[in-house]
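[1] what's the 3D shape of this:
(one chain, ligands or ions: 1)
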Amino acid sequence: LRRLRAPRAAPPQPPAPRASRPVRVDHFVDHYRLMSADSDFRFSEEFEELKHVGREQPCSAADLPVNRPKNRFTNILPYDHSRFKLQPVDDEEGSDYINANYVPGHNSPREFIVTQGPLHCTRDDFWRMCWESGTRAIVMLTRCVEKGREKCDRYWPYDTRPVYYGDIAVTALNESRYPDWTVTELLAARGAEQRVLHHLHFTTWPDFGVPEPPTALARFVRAFRERCPPDHRPVVVHCSAGVGRSGTFITLDRALQQLAAHAEYIDIFGMVYSMRRERVWMVQTEQQYICIHQCLVAVLEGQDLQPPA
Ligand SMILES: CNC(=O)[C@H](Cc1ccc(NS(=O)(=O)O)cc1)NC(=O)[C@H](Cc1ccc(O)cc1)NC(=O)OC(C)(C)C
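    Residues are numbered from 1 along each chain as shown. Modelled structure (predicted):
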């Protein structure tokens, strides 16, 4: 009789959110005003729709006992399907693991490698990832210490003396300091090969918050692209957990490139949706989601992004 019984129907699931919500560029400023009305009521509703995106995907490598100490936070683990895999070392279990995921950008589906702020015990792995990925740019969006808490290991040299991270020797060639960021040219050498990497460090973005003013972030994205025009190599982006500030930066980079390409539509919701399929909590807070829109409004209204004199 059991064989004859109709298979039990799956319980009704809430409808999956639409994956995109494109907005006409020539309506974007009005759209922002509508969404932000009544204390950002519609922004809150839209951001809530993103809450469960991607969360059903496994993180089995991150959960292995040998890899658990390599995760800065217990709730920020890389999805298996998009994680960056290091070249395994001999048969060492876990030697291919780093808390990092490929994330899509404007120019390719794997334009960015988004990672946590290295731990002291993972900074050699971090440099292996930079070398093996071929990146020529590292974007850092946190300070090493914030409010007395370590957010990221100091994984690059303090001065011009070379420092070894595993078998990779890193030398700081020169440093340029600006009010909201510092740019350092790093020379990385492994064996006989040498490479120059741009290290772009945004230094005034509070954790879980937004830059003040928001347009400082748009200026940083522009400074980044002036030094690192799109090429076929991935860009390494990190903050402390590698989700909130990193996701906000990438989303703004994608949107500004779309505006520069004279796109008819901008789909911030769709960008964040696609990133959250690859890495958890990308653009972590509602204020970060709104900040992206505020930056685009400033650009569309022709506000000069130059810092006040
Ligand atoms: C709200 N805070 C967090 O979720 C942070 C991870 C995190 C995320 C995003 C950011 N911002 S950033 O991506 O912009 O760097 C910093 C830190 N997690 C922790 O502190 C977690 C606790 C936690 C908080 C919230 C939650 O839902 C589940 C577990 N604590 C934690 O991992 O403790 C250790 C470091 C001692 C192992």
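[2] going forward, measure contacts between C-alpha atoms and count neighbours the same way
    OK.
[3] what is the burial count for the residue in the stretch 1-150 of the chain that the ligand sits nearest to?
    Closest residue of the stretch 1-150 of the chain to the ligand, Cα to the nearest ligand atom: residue 73 (3.2 Å). Residue 73 has 13 neighbouring residues, counting by other Cα atoms under 10 Å.
[4] give the contact list for it.
    residue 241 (Cα atoms under 8 Å, 6 or more residues apart in numbering).
[5] for my notes, confirm it occurs in a strand.
    No: counting by DSSP: H, G, I helix; E, B strand; the rest coil, residue 73 is not found in a strand; it is coil.
[6] now do it, the pLDDT please.
    Note on residue 73: pLDDT of 98.
[7] likewise residue 6?
    You'll see residue 6 listed with a pLDDT of 68.
[8] same check, this time on the one 10 residues further on
    According to the prediction, residue 16 has pLDDT 63.
[9] contact residues of this protein facing the ligand?
    Within the chain, the positions near the ligand by Cα under 6 Å from any ligand atom are 72-75, 207-208, 239-245.
[10] among the residues you listed, which two are most distant?
    Greatest spatial distance in the residues of the chain next to the ligand: 74 and 245, 18.1 Å, computed using Cα to Cα.
[11] so the two - more neighbours on which side?
    Shown here are residue 74 and residue 245; by other Cα under 10 Å, residue 245 has more neighbours (29 against 10).
[12] residues contacting the spatially closest residue to residue 248 that is not a sequence neighbour?
    Closest residue in space to residue 248, ignoring its immediate chain neighbours: residue 283 at 5.0 Å, by Cα to Cα, 6 or more residues apart in numbering. By Cα under 8 Å, 6+ apart, the residues touching residue 283 are 243, 244, 245, 246, 247, 248, 272, 289.
[13] residue 177: what's it in contact with?
    residue 183.
[14] look up how far the ligand lies from it.
    22 Å (Cα to the nearest ligand atom, to the nearest Å).
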